[in-house]
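In: Just need the structure, nothing else, for what follows:
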Amino acid sequence: MGHGNSRQDCSSGDSADGSKPSRIRRLGRRLRLHSRRSCQTAASHSQTSKILKEEDFAGIALIQIISAEMKFKDKWLACITLGEQTFRTHVSDQTDKPTWNSEKKLLLEKHGAHLARISVFETNRLSRNNLIGYCEVDLLEFLSQDCSSDTEVFDLLDPSSASTVVGRISISCCIEDPVETEKTFVRRILSIVDCNEDGELSLDEFSDLIDAFGNKLAAEKKEEIFKQADRNGDGVVSLDELATLLAIQNEKEPIINCCPVCGEVLEVSDGLNNMIHMTLCFDEGTGNQVMTGGFLTDKEASSGWMFKLSEWAHFSTFDIGLRSGSSASHILVYDRRKKRLVEEIIDRKIVLSMRAIYQSKFGLGLMDNGAKEILRSLSEKQGKKMDTAESAKEIPNFIEFFKDQINMDEVKYPLEQFKTFNEFFIRELKPGARPIAFVERDDIAVCAADCRLMAFNSVADSIRCWIKGRKFSIQGLLNETCSSEFVNGSLVIFRLAPQDYHRFHFPVSGTIEKFLELPGCLYTVNPIAVNSKYCNVFTENKRVVSIISTEHFGKVAFVAIGATMVGSINFSKKEGDYVKKGDEFGYFSFGGSTVICVFEKDSIRIDEDLLENSGRSLETLVTVGMQLGVSVKKQGSVKLPNLRNLSL
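Out: Numbering: from 1, shown residues only. All right, here's what the predicted structure looks like:
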């Protein structure tokens, strides 16, 4: 199990001044050296920093990416993503049958992320390796199968077309028993102290370990604990005997106050989380190649040396949360359905131009000196161009650029039926492609678009976490339709990216009271602009405000906002219409765009996961019809029927 260096460490390691270091210092050095075999552990234990309830713990899964069969020869790299963690294998030799035998241990929660994505990249590019195929594995389902083997072969799907198979990959997965996990961890950490590797520990070796943990109470009882294991009184105990004893002792009174690998302080009262944390942090696998961690997405994990150089020079970075300036070159969003982070695809040249305009006083100065009119003119011309027959040639390139983020299997009509690019851009989906949550319950609101969503209980929260324009207010957003109930109400921002389905739907059931069209600019709605303190995207852009009167939520303001390259906002309903949640309301023409819904104060309880992500300045990727929140408005008393007058 890879303890070859422990003998060398026990006998060497003089200090810089030539004196012999203490046994405690030598042990600490061995622990740090040993932990390097885990590669990057920061992401490995990030999920266990939250409190995990015992009933949510499903186990620790050992995932092994074994090999693949591809359709051409190349150097191959595989990545696995689960939740907010991504790990990568080493790069294979030039072959069409790469073998990795790379593994990683991952925490599984019953109600957490369990849909793992396996991505395979060819590595012949300098800045970014090319995604060739992927598969998705439901780990809980995989582990619950009644099968004689832990290994299964999965088809690798083409990211441009989920119906095309580009290869096959072999994956092994098994789950550890929690008790055995605890015992295995204790054996591992104790084996480091076993300098002569004879499978037995003396009192001195055990004392070194307890002292290194820094627990004074345990240090006082170490002889007592040791004697409990030394049943025959010969002064030594086997690793298995001591591991069993320590596992029992750790349940009663934990002897480890901090993680010996990362140094994080561990809560004494939480034995389950502590053991999971240390098991993942200290993981060394079964002797196979341990996958490299510390990545947030497979895009980051697969990046070539040019990206690493730019990251080192602070020109770009991967991170979660509110970023601005040079750090905004990568936008990460949380996929609500698959419970993992994904990177939004955006052209690098566009990123550079947006940063130059929206993140500087000079750029916004150009806007004030006539660039706004130029931007509006360019948007209108581009919109007209996308309505020409010649624009249809751009559709295949658009789909290829956004491969893996446009599912053509959901589109209502075949590709050849779109005669212009705009016809494709405002494409309809097949019936049933977007199921509506609790369709018969009007007291439950749903998401209005396929989009990246931010939700806040108040405008103050939105300004603190997301909108950095100095003049943003509900009054400025809604204009004359604003009422006092909206001022302190809840705010939900639905941002549509170019690759999204661009029709928007009603989040609630009710009657459309009025429309108000407000002229304005056509700033981009990208977070780079929204997070800029130099402009006010939502209150200055062209927009249409509609007010919907509902039974369960009071009045709801629905604001459709135009953006760069959005020529028009089109509605399929009119004033006075009664609508059901999930019904189509309209669509945006070419470009990115945004819908904002404002609810009256204390009318909706927005789903906790949406608020939690937004509090981290992290957008949530949602689709039309997903649950948004529940009404908390008090309804009028309902008159119950007189049971005496009822007959069967």
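
In: The residue positioned nearest the centre of the chain and residue 320, how far apart?
Out: Among the residues of the chain, the one closest to the centroid is residue 341, at 2.3 Å (Cα atoms, centre = their mean). Distance, residue 341 to residue 320, using Cβ to Cβ, to the nearest Å: 7 Å. Heads up, the C-betas are built off the backbone N, CA and C, glycines and all.

In: Now for the two: what residues contact both?
Out: Listed as contacting both residue 341 and residue 320 by Cβ atoms under 8 Å, 6 or more residues apart in numbering are 84, 296, 332.

In: Name the nearest of those residues relative to residue 624.
Out: The closest of the shared contacts of residue 341 and residue 320 to residue 624 turns out to be residue 332 (Cβ to Cβ; 22.1 Å).

In: so what's the closest one up against?
Out: 296-297, 318-320, 341-344, 618.

In: Output the below-cut-off pLDDT ranges for the stretch 251-400 of the chain.
Out: Applying pLDDT under 70 to the stretch 251-400 of the chain flags the ranges 251-255, 260-263, 267-271, 282-288, 304-318, 321-329, 347-380.

In: Report all helices and strands that the longest strand seen in the chain contacts.
Out: If you go by DSSP state E, the chain has its longest strand at strand 161-176. The contact analysis (3 or more Cβ pairs under 8 Å, 6 or more residues apart in numbering; DSSP states H and E) places strand 161-176 against strand 57-70, strand 99-109, strand 115-122, strand 130-138, helix 139-143, strand 151-158.

In: Adding distance to residue 633 as columns, could you present these in TSV?
Out: Shown next, in TSV, are the helices and strands packed on strand 161-176 (distance: least, Cβ to Cβ, whole Å):
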stretch	distance to residue 633
strand 57-70	38
strand 99-109	34
strand 115-122	35
strand 130-138	38
helix 139-143	38
strand 151-158	45
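
In: Return the member of the ones you listed having the minimum mean pLDDT.
Out: Mean pLDDT is lowest for helix 139-143 out of these, coming in at a mean of 87.

In: Quick check: buried residues in that helix?
Out: Neighbour-count burial for helix 139-143 flags 139-140, 142-143 (criterion: 16 or more other Cβ atoms under 10 Å).

In: Ok, stretch 512-527 next?
Out: 512, 515, 518, 520-527.

In: for stretch 149-167, same thing?
Out: For stretch 149-167, the buried set under the neighbour-count rule, 16+ other Cβ under 10 Å, comprises 154, 156-160, 166-167.

In: Also stretch 459-476?
Out: Residues 459, 461-463, 465-469, 472, 474 are the ones in stretch 459-476 that count as buried (16+ other Cβ under 10 Å).

In: Burial check on the closest residue to residue 54 other than its chain neighbours, number of neighbours?
Out: Distances taken as Cβ to Cβ, 6 or more residues apart in numbering place residue 272 nearest to residue 54, at 5.7 Å, with adjacent residues excluded. By other Cβ atoms under 10 Å, 16 other residues sit near residue 272.

In: quick one: the residue nearest to the centre of the chain from residue 620, how far?
Out: For residue 341 relative to residue 620 (Cβ to Cβ), the value is 11 Å.

In: Can you pull the residues that touch both of those two?
Out: By Cβ under 8 Å, 6+ apart, residue 341 and residue 620 have these common neighbours: 333-334.

In: ok, now which ones touch the residue lying closest to residue 207 once chain neighbours are set aside?
Out: Distance criterion Cβ to Cβ, 6+ apart; nearest residue to residue 207, sequence neighbours excluded, is residue 222 at 5.6 Å. Under the criterion of Cβ under 8 Å, 6+ apart, the neighbours of residue 222 are 206-207, 210.

In: Break this structure down into its domains, please.
Out: Annotated domains of the chain cover 59-176, 179-257, 314-633 [the TED database].

In: worst average pLDDT in the ones you listed?
Out: Lowest mean pLDDT within these: domain 179-257, at a mean of 73.

In: if we can go back for a sec, tell me which of the helices and strands packed on strand 161-176 lies nearest to residue 452.
Out: Counting by Cβ to Cβ, residue 452 lies closest to strand 115-122 out of those; the figure is 18.7 Å.

In: List the contacts of the closest one.
Out: 63, 65, 68, 70, 74-82, 106, 129-139, 154, 156, 167, 169, 171, 298, 302, 338-340.

In: Look up how far residue 225 lies from the closest residue to residue 278 other than its chain neighbours.
Out: Distance criterion Cβ to Cβ, 6+ apart; nearest residue to residue 278, sequence neighbours excluded, is residue 259 at 5.5 Å. Going from residue 259 to residue 225 by Cβ to Cβ gives 20 Å.

In: Only C-alpha atoms, please: export stretch 406-416 in PDB.
Out: Presented in PDB, the C-alpha positions along stretch 406-416 are these (Å, rounded to 0.1, in the frame of the first residue of the first chain):
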ATOM      1  CA  ILE A 406     -27.600  22.200 -26.900                       C
ATOM      2  CA  ASN A 407     -29.700  19.000 -26.900                       C
ATOM      3  CA  MET A 408     -31.000  18.700 -30.500                       C
ATOM      4  CA  ASP A 409     -33.100  15.600 -29.400                       C
ATOM      5  CA  GLU A 410     -35.500  18.100 -27.600                       C
ATOM      6  CA  VAL A 411     -36.100  20.300 -30.600                       C
ATOM      7  CA  LYS A 412     -39.600  20.100 -32.100                       C
ATOM      8  CA  TYR A 413     -38.600  20.300 -35.800                       C
ATOM      9  CA  PRO A 414     -35.600  18.800 -37.700                       C
ATOM     10  CA  LEU A 415     -32.700  21.000 -38.400                       C
ATOM     11  CA  GLU A 416     -33.300  21.300 -42.100                       C
END
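
In: Next, the buried residues of it.
Out: 406, 410-411.

In: hmm, back to that, same list, the shared contacts of residue 341 and residue 320, but as TSV with secondary structure and distance to residue 393 please.
Out: Compiled in TSV, the shared contacts of residue 341 and residue 320 are given as follows (DSSP: H, G, I helix; E, B strand; the rest coil; distance: Cβ to Cβ, whole Å):
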residue	secondary structure	distance to residue 393
84	coil	39
296	coil	36
332	strand	32
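
In: ok, of those, which one's closest to residue 556?
Out: Taking the shared contacts of residue 341 and residue 320 together and measuring to residue 556 by Cβ to Cβ, the closest member is residue 332, at 29.5 Å.

In: From residue 298, how far out is that closest one?
Out: From residue 332 to residue 298 the distance is 12 Å (Cβ to Cβ).

In: Same question for residue 97.
Out: Distance, residue 97 to residue 298, by Cβ to Cβ: 21 Å.

In: Next: residue 101.
Out: Using Cβ to Cβ, residue 101 is found at 19 Å from residue 298.

In: Equivalent analysis for residue 476, please.
Out: For residue 476, the distance to residue 298 equals 40 Å [Cβ to Cβ].

In: try residue 391
Out: Separation of residue 391 from residue 298 (Cβ to Cβ) stands at 32 Å.

In: Which one's more surrounded, those two?
Out: residue 298 (29 against 21).

In: My read is that residue 476 contacts residue 536, right?
Out: Yes - Residue 476 sits in contact with residue 536 when judged by Cβ atoms under 8 Å, with a separation of 7.3 Å.

In: who touches stretch 230-238?
Out: With contacts defined as Cβ under 8 Å, 6+ apart, stretch 230-238 is touched by 199-203, 226, 229, 241.

In: Using PDB, write down the CA coordinates of stretch 101-108.
Out: The C-alpha coordinates for stretch 101-108 follow below in PDB (Å, rounded to 0.1, in the frame of the first residue of the first chain):
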ATOM      1  CA  ASN A 101      -6.400   2.300 -14.000                       C
ATOM      2  CA  SER A 102      -6.900   5.500 -12.100                       C
ATOM      3  CA  GLU A 103      -9.100   5.800  -9.000                       C
ATOM      4  CA  LYS A 104     -10.500   8.100  -6.500                       C
ATOM      5  CA  LYS A 105     -12.700   7.900  -3.400                       C
ATOM      6  CA  LEU A 106     -15.800  10.100  -3.300                       C
ATOM      7  CA  LEU A 107     -18.400  10.900  -0.700                       C
ATOM      8  CA  LEU A 108     -21.900   9.800  -1.600                       C
END
